[in-house]
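J.: only geometry, no sequence info:
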């Protein structure tokens, strides 16, 4: 059984419950390896067409569940391990001399706070997904078993409900981050109206896998809807398939990794 | 005239009738060549957009009609001749020390059992084809002469009929493989609802050719359906065109082979 | 004023009238240059997505209007000048020892016979164009000024009218070639139901230009039709634009040529 | 507050008001740098799929607001700094010995005359945008925050209103350029029916950014319209988002620049 949603109530105990490998201390070598992995994640997401010059991906600190790693403000295709910064869940850089961070880092902090089961977050302007964010009544859902993690519905975050009807659509503070996390709830993904999508994973690789196959599933769903009424996966099929696919993530990761330049 | 369907009644006599080149003994050199050809088939299917990190292609053993060759559990883009395993039609590796096989090897074994005329099987998540698997009443059929082998209809395998409505959609045992083979019947292809497509061929190259042009035809059919009512090939046109095209397979194979790295 | 259509009545006088540069004798060097240009045309058409492993392009012999040049039966991406054969308008190779020709060479011979104004012919399975060949009532026409040569309508050749409803859809003899030429009439292009498209040009480069922009225009027209009622070019706009664009062909040719390997 | 539209009333005072960096004299080094930047802009627009063998991009002269820089008549993928010519706003080359200019240079001169706030102009046959130019009643507008500069509507220039119904659709003189500038008005972009789109920017990089994301937004809008009724950005959202995005242009430019060959 998954934990209930308690936005704002993140604790290290929760994070450890979901992530048994988490320890109090992380040696420098393993943290460096995670930074390098995050750089590869950035490049994969560009190579797979999920990110362009914009978008970002974060991973929770392995020993400090109340911190996360995220690149400095830059294009994802160029991120290297040296560009990765450490933040607390408020989105404040741990190092006061850190270079300029992403404006929308609050997406990552607030979602990681409200979702102790999530260890990584991808925010993108995935092109086949955005159409589902601006049309009500056609919920993005699993129509392909590769998108089974999406389940039977994907919530849409309407920023107007929080920021009014003249915002710049960006998640520029913690209040907006919390509102987004509220729309996400216990789901693996949340559409952001007129903006993009944010996806979480129990590992960095799972978040990347889900981001890629959210785009894949969206394209297939849109194509199918043009043919006629669509038979989507049932909740039971989606759950069973997602459980099976979780063991296949490394295969996809390794293929995608081979296609990007070494970090 | 093609043989009648006798699922579970495969015999070497049948296989030899359909494949006159089959002999009792195959020297190591020709088997090695077939393994190398299978590796190339994997790479071509990735290069042509039919496979991504998932999907697989098999070929019947040239001397042992009750066996087939299939890569070990791995990404198709990386398959080499050394990764090819030998299985019996139950999907059991001949070598008890074989590395981990594909979960869905039962697709290949059961179809090769029920279809003595088939020498090769491609299973994919071909992106333009999946939409036709989730929409009833719009059968995938030959609208382009390059897809003529598809004929006037393509069956859809609904796994719920066998596995209930909470399966993971995968063909994970022989019973599901037999059910899939039953839906395939004497057709060249069977759609798998919410999952993908499986295509057979009288040769490995024919199976690859059909997999590529199933994707091509699906895209054209979907585009045409958005314009208006579509004139598909008649059964007579499909049969005549498929017979003609069968002689053109090597040309396409050689072009596609030139585009992939040597195995 | 363009000459009237007289299928079967081709004469050198006609060809010279339309092609003042045509002479009685062509030195070997200029013929070799034309063969090299034809090889480049093949590669450009593959590179631009008009041809795949199939399709072909011909050019009329510069000195012998009753002959044409066409590659031997092979994949267009590999054609070199040495692969180019010479045919009479019946599709018979001039050299009795010529290697195997394309089955559908009658497309080229009969169209060049019926269209003295045409110096080159491209036959393709252009993917965005085929949908327009299988849907009646939505004529492919100029919606973009780059496709202005298409004018207000493109005829569809229905092979059933000549070959019955169980043909293999191919133009496999002179009678079918004449029927296709009849459907083409004085148009720049003719759709072939369930098969592809054939385009002519006053020069080899014009035929290539038209083949590429027929695909471009088809994609835009299909996309526009999904938005709502489309304003196409008037006949006057199409004619004026086509006249202007005719002077721009070399620019496109040179860009496309730079993108393909040297022949 | 932005200046009112006064076509034909351009003055250096206006240009300086909008572009405080503009000086009376520009040293040769900075002008050479701008020519090199314009060459890169050409290559980026090709690489990003906005231009093919056709289309062009101009930038206003930094010291002479009544002049602009534009490549000679050539394919944009090949433009180098040495190919850049200087024109007055009538489209007359400053150098009487200049090589052949683009036929449609009047697009640039007349728009730069009527829009002192604009420092650069991109004219393209952007493939996802053209469909919106030929369908009335489905205005191209911001549905993605990356296309927020488009606002709530994009005007369509109907050349028939000025040139009658048998023109070649090109902007071949100053009168047509003025008519186009009139349709553009104070907007960032104007669709040209059956032809393409012209986009302006306060800097060269902004014009390139807008051209790329006009294509992106058009594709998403078309895909969304096929799903159902679309929630577009409000005027307030569009304005706020456009203001935010203006600070992100260099990031995209640098990514795109890295993808093209050095000029």
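T.: Ah, there it is. Since we're looking at a predicted model, the values are computed, not measured.
J.: So which bits of the stretch 51-200 of chain A are right by chain D?
T.: Within the stretch 51-200 of chain A, the positions adjacent to chain D are A:52-54, A:74-75, A:77-78, A:103, A:125, A:127-128, A:130-132, A:134-138, A:165-170, A:193-195 by C-beta under 8 Å from any C-beta of the partner chain. No exception for glycine: its C-beta is placed from N, CA and C like everyone else's.
J.: quick one: which of the residues you listed sit in helices?
T.: A:130-132 (DSSP state H).
J.: Looking at those, spot the one nearest chain C.
T.: residue A:131 (13.0 Å; C-beta to the nearest C-beta).
J.: doesn't residue D:227 make contact with the closest one?
T.: Yes. The pair residue A:131 / residue D:227 is scored as a contact, 5.6 Å apart, by C-beta atoms under 8 Å.
J.: Let's see the pLDDT reported for the nearest residue to residue A:184 once chain neighbours are set aside.
T.: Here the nearest residue to residue A:184 in space, its sequence neighbours aside, is residue A:190; by C-beta to C-beta, 6 or more residues apart in numbering or on different chains that works out to 4.0 Å. At residue A:190, the pLDDT value in this model is 99.
J.: Residue A:190: neighbour count?
T.: For residue A:190, the neighbour count with other C-beta atoms under 10 Å in any protein chain shown is 24.
J.: The one residue in chain A that gets nearest to chain B: helix or strand, and which one exactly?
T.: Of all residues in chain A, the one sitting closest to chain B is residue A:236 (2.8 Å; C-beta to the nearest C-beta). Assigned by DSSP states H and E, residue A:236 belongs to helix A:235-245.
J.: List the buried residues of that helix.
T.: The neighbour-count check on helix A:235-245 (16 or more other C-beta atoms under 10 Å in any protein chain shown) flags A:237-242, A:244-245 as buried.
J.: same thing with stretch A:81-90?
T.: So for stretch A:81-90, counting by 16+ other C-beta under 10 Å, buried means A:81, A:83-87, A:89.
J.: In this structure residue A:194 contacts residue D:146, no?
T.: No. The criterion here is C-beta under 8 Å, and residue A:194 misses it with residue D:146 at 9.6 Å.
J.: intersection of neighbour lists for those two?
T.: Common neighbours of residue A:194 and residue D:146 are not found (criterion: C-beta atoms under 8 Å, 6 or more residues apart in numbering or on different chains).
J.: Skipping adjacent residues, who's closest to residue A:49 in space?
T.: In space, residue A:49 is closest to residue A:215, 6.7 Å off (C-beta to C-beta, 6+ apart).
J.: Check residue A:153 too.
T.: Per C-beta to C-beta, 6+ apart, closest to residue A:153 is residue A:139, 4.6 Å.
J.: and if you look at residue A:132?
T.: Nearest non-adjacent residue to residue A:132, counting by C-beta to C-beta, 6+ apart: residue A:140, 4.2 Å away.
J.: Residue A:72 too?
T.: Per C-beta to C-beta, 6+ apart, closest to residue A:72 is residue A:99, 4.5 Å.
J.: Then residue A:151?
T.: Per C-beta to C-beta, 6+ apart, closest to residue A:151 is residue A:238, 4.7 Å.
J.: quick one: that neighbour and chain C, what's the gap?
T.: Distance, residue A:238 to chain C, by C-beta to the nearest C-beta, to the nearest Å: 30 Å.
J.: who's in contact with that residue?
T.: A:142, A:148-152.
J.: among those residues, which two are most distant?
T.: A:149 and A:152 (11.5 Å; C-beta to C-beta).
J.: any common contacting residues for the two?
T.: A:142, A:238.
J.: Give me the average confidence score over the helix or strand harbouring residue A:113.
T.: Per DSSP H and E, residue A:113 falls inside helix A:105-114. If you average the pLDDT over helix A:105-114, you get 98.
J.: ditto for stretch A:65-77
T.: 98.
J.: Same check on stretch A:125-145?
T.: For stretch A:125-145, mean pLDDT is 98.
J.: And stretch A:88-102, by the same measure?
T.: Stretch A:88-102 comes out at a mean pLDDT of 98.
J.: again, but for stretch A:247-263
T.: Across stretch A:247-263, the average pLDDT comes to 89.
J.: Does chain D have contacts with that stretch?
T.: No. Judged by C-beta under 8 Å from any C-beta, stretch A:247-263 stays clear of chain D, getting no closer than 11.7 Å.
J.: And that stretch, what's buried?
T.: For stretch A:247-263, a neighbour-count test (16+ other C-beta under 10 Å) marks A:249, A:251-253, A:255-257, A:260, A:263 as buried.
J.: about what we covered before: give me every residue that touches the residue nearest to residue A:72.
T.: By C-beta under 8 Å, 6+ apart, the neighbours of residue A:99 are A:72-73, A:85.
J.: swap in residue A:146?
T.: Residue A:146 makes contacts with A:213, A:216-217, A:245, B:54, B:125, as judged by C-beta under 8 Å, 6+ apart.
J.: of all of chain A, which residue lies closest to chain C?
T.: residue A:226 (8.7 Å).
J.: what's that residue sitting at in phi/psi?
T.: Here is the backbone geometry of residue A:226 (degrees, to the nearest 10): phi -70, psi -20.
J.: Run a quick check on residue A:210 versus residue A:122, I expect a contact.
T.: Yes. Here residue A:210 reaches residue A:122: they are 7.5 Å apart, a contact under C-beta under 8 Å.
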